[in-house]
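>>> after the sequence you'll find the predicted model.
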Amino acid sequence: MILLNSGIGNYVISNGKRYSYFGGNNYLGLAGHPAVKEASIKATEKYGVNFSASRITSGTADIHLELESKLSEFKGKQDAVVFASGYLGNSILLEVLKGRYTAVFIDQYAHPSLTTALHCDNKDIHYYNHCDAEHLEDLLVRHKGSSPLIMTDGIFALTGEIAPLDTIYPLLKKYSALLIVDDAHSTGILGKNGKGTPEYFNLQDDENIFQSETMSKALGGYGGFISGSTIIIDSIREKSAIYLSSTALPPSVVAAGIASLEIIKNEPGLRVQMLHRASGLRKEIAGLGFYTNKDETPIIPVMFSEKHKAMGLSSFLEDSGIIVPFMNYPSKQDLHILRIAVSAGHTDSQADELTGLLKKWKNRNQVGST
Ligand SMILES: Cc1ncc(COP(=O)(O)O)c(C=O)c1O
């Protein structure tokens, strides 16, 4: 575990030492953006630290409504609702979709927030091979007669792959299925306007697609949200025990969300710059013979079949002044992953230093990843 003595940015202080930082999920660098920090501080000054009540009792403030209205505008949806964390979004969706499906078809490497959500409604559960729409269809055919719900990450948190919604979406139509996409890592990143995976694949707006999203990654703040039709958002506000029975998001993070949405809207170049940097870095890393992914996302995994190699590389980089965490994380993946997270503010010299060290380690150890 990395112990921070500073906030996160291109550089961090850990155990009193300064490191170049390629960890976390601060893809657009908004966690430390002056305008986001200022909005957050001002909100704390005005409202205090916490509203200390649930949204339906006395915890709803004007800024919650402003944030929800800005989120629905950003997503081009009728409404949006914010809640305690992105992790809870999938469980909230299963709470309110209860009765609309009889079997769940879920990617084998889905994030724990998706698998945890399954406890909300113990139905027939089937795991399809990772990102494999053909296998998904086999399973759907085998369970014809069920009302299917398909669940997947949009961008996979550890491997940075984009779920193939282009091949999954036709199955929705063919088998009258619902789809939940956990777009925690795609919000603000994928698609022409940063609306996530469905926009990336140019999918038409579809009332059977539900996105669960977070403000804790590209948006630099904290808290989960779901946007959609008035019907689905009202049903969350009326029926979700998770939403109804938890304390409203605190002022500092609500104001941070409002400020970062403004930046995302006005500075689309941030996303483009970050993806361009990630693409160059990914090519160089693959060129060095490391095993990584191909998709154009901020996440560049360096994957190993042997744990000690992944841990060894992470320690080597840390000793040399760069933090790239080894992902000791709940996952069914059998690969051991060092996860490079690219941020819009990373400089050429930071990227060069990282690839230089990867090359040095490779030459020294004469091993490829995996
Ligand atoms: C795919 C995915 N979904 C949900 C979450 C949870 O989001 P949050 O940390 O905002 O609760 C994460 C990561 O933290 C994630 O990687």
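Structure's in. What do you need? Because the structure is predicted, anything quoted here is derived from the model rather than measured.

>>> burial count for residue 180?
26 (other CB atoms under 10 Å). Using the backbone N, CA and C atoms, a C-beta is placed for each residue, glycine as well.

>>> isn't it right up against residue 210?
Yes: counting by CB atoms under 8 Å, residue 180 does reach residue 210; the two are 4.9 Å apart.

>>> what's the overlap in contacts for the two?
Counting by CB atoms under 8 Å, 6 or more residues apart in numbering, the contacts common to residue 180 and residue 210 are 93, 97.

>>> care to break this structure down by domain?
Domain segmentation of the chain under automatic domain parsing yields 11-25+268-365, 34-266.

>>> near the ligand, which residues of the stretch 51-200 of the chain? Just list them.
Contact residues, the stretch 51-200 of the chain versus the ligand (CB under 6 Å from any ligand atom): 85, 86, 87, 111, 113, 153, 157, 182, 184, 185.

>>> circling back: what's the closest of the domains of the chain to residue 5?
Across the domains of the chain, residue 5 has its closest neighbour in domain 11-25+268-365 (4.5 Å, CB to CB).

>>> just give me how far that closest one sits from the chain centre.
Put simply, domain 11-25+268-365 sits 17 Å off its chain's centre (CA atoms, centre = their mean, to the nearest Å).

>>> for the record, mean pLDDT for that domain?
With pLDDT averaged residue by residue, domain 11-25+268-365 scores 93.

>>> quick one on the thing from earlier: dump the residues of the stretch 51-200 of the chain next to the ligand to CSV, plus distance to residue 326, pLDDT and secondary structure.
Below are those laid out as CSV (distance: CB to CB, whole Å; pLDDT from 0 to 100; DSSP: H, G, I helix; E, B strand; the rest coil):
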residue, distance to residue 326, pLDDT, secondary structure
85, 24, 97, coil
86, 23, 98, helix
87, 22, 98, helix
111, 18, 95, coil
113, 21, 97, helix
153, 20, 98, strand
157, 15, 94, coil
182, 23, 98, strand
184, 21, 98, coil
185, 19, 98, coil
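
>>> tell me which residue of this protein lies closest to the ligand.
The minimum distance from the chain to the ligand, using CB to the nearest ligand atom, falls at residue 86 (2.8 Å).

>>> how about the contacts made by that residue?
113, 184, 212, 213, 214, 215, 216, 217, 223, 224, 225.

>>> recalculate using a threshold of 10 Å.
111, 113, 182-185, 187, 212-217, 222-226 (CB atoms under 10 Å, 6 or more residues apart in numbering).

>>> please pick the buried ones from these.
Neighbour-count burial (16 or more other CB atoms under 10 Å) is assigned, among the contacts of residue 86, to 111, 113, 182-185, 187, 212-217, 222-226.

>>> in strands only, show me those residues.
Judged by DSSP state E, the buried ones among the contacts of residue 86 include 182, 212, 213, 214, 224, 225, 226 as members of strands.

>>> need the contact list for residue 241.
Per CB under 10 Å, 6+ apart, neighbours of residue 241: 91, 92, 95, 120.

>>> now the two most distant members of the residues you listed.
92 and 120 (8.6 Å).

>>> tell me, what's touching the two both at once?
Residues touching both residue 92 and residue 120 (CB under 10 Å, 6+ apart) are 240, 241, 242.

>>> filter these down to the ones in helices?
241, 242 (DSSP state H).

>>> can you list the shared contacts of residue 92 and residue 120 in JSON lines and add distance to residue 279 and pLDDT?
Output for the shared contacts of residue 92 and residue 120, formatted as JSON lines (distance: CB to CB, whole Å; pLDDT from 0 to 100):
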{"residue": "240", "distance to residue 279": "39", "pLDDT": "97"}
{"residue": "241", "distance to residue 279": "43", "pLDDT": "96"}
{"residue": "242", "distance to residue 279": "37", "pLDDT": "97"}
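
>>> let me see the ranges of the strands in the stretch 101-250 of the chain.
103-107, 124-128, 148-153, 178-182, 209-214, 224-228 (DSSP state E, counting those that start in this stretch).

>>> quick one, phi psi at residue 204?
The phi/psi pair for residue 204 (degrees, to the nearest 10) reads phi -70, psi 160.

>>> and for it, the neighbour number?
Using other CB under 10 Å: residue 204 sits among 7 other residues.

>>> please apply the same query to residue 107.
Neighbour tally, residue 107, other CB under 10 Å: 24.

>>> separation between the nearest residue to it once chain neighbours are set aside and residue 179?
Closest residue in space to residue 107, ignoring its immediate chain neighbours: residue 152 at 4.4 Å, by CB to CB, 6 or more residues apart in numbering. Computed as CB to CB, to the nearest Å, the residue 152 to residue 179 distance reads 8 Å.

>>> show me the common contact partners of these two, please.
With CB under 10 Å, 6+ apart, residue 152 and residue 179 have common neighbours 105, 163, 165, 168.

>>> out of these, the closest to residue 17 would be?
residue 163 (37.8 Å).

>>> just checking, the closest one touches residue 153?
Yes: counting by CB atoms under 10 Å, residue 163 does reach residue 153; the two are 6.0 Å apart.

>>> mutual contacts of these two, please.
107, 110, 131, 181, 182, 183, 186, 197.

>>> which of these sit farthest apart?
Pairwise over the shared contacts of residue 163 and residue 153, using CB to CB, the maximum falls at 131 and 183, 15.4 Å.

>>> on that earlier part again, most neighbours per residue, which of the domains of the chain?
Highest mean neighbour count among the domains of the chain (mean count of other CB atoms under 10 Å): domain 34-266, with a mean of 19.

>>> quick one: it to chain centroid distance?
10 Å.

>>> between the two ends of it, how far is it?
15 Å (CA to CA, to the nearest Å).

>>> stretch 206-223 now?
25 Å.

>>> what's the following helix or strand after the helix or strand harbouring residue 315?
Assessed by DSSP states H and E, residue 315 sits inside helix 307-319. The first helix or strand that comes after helix 307-319 along the chain, using DSSP H and E, is strand 322-323.
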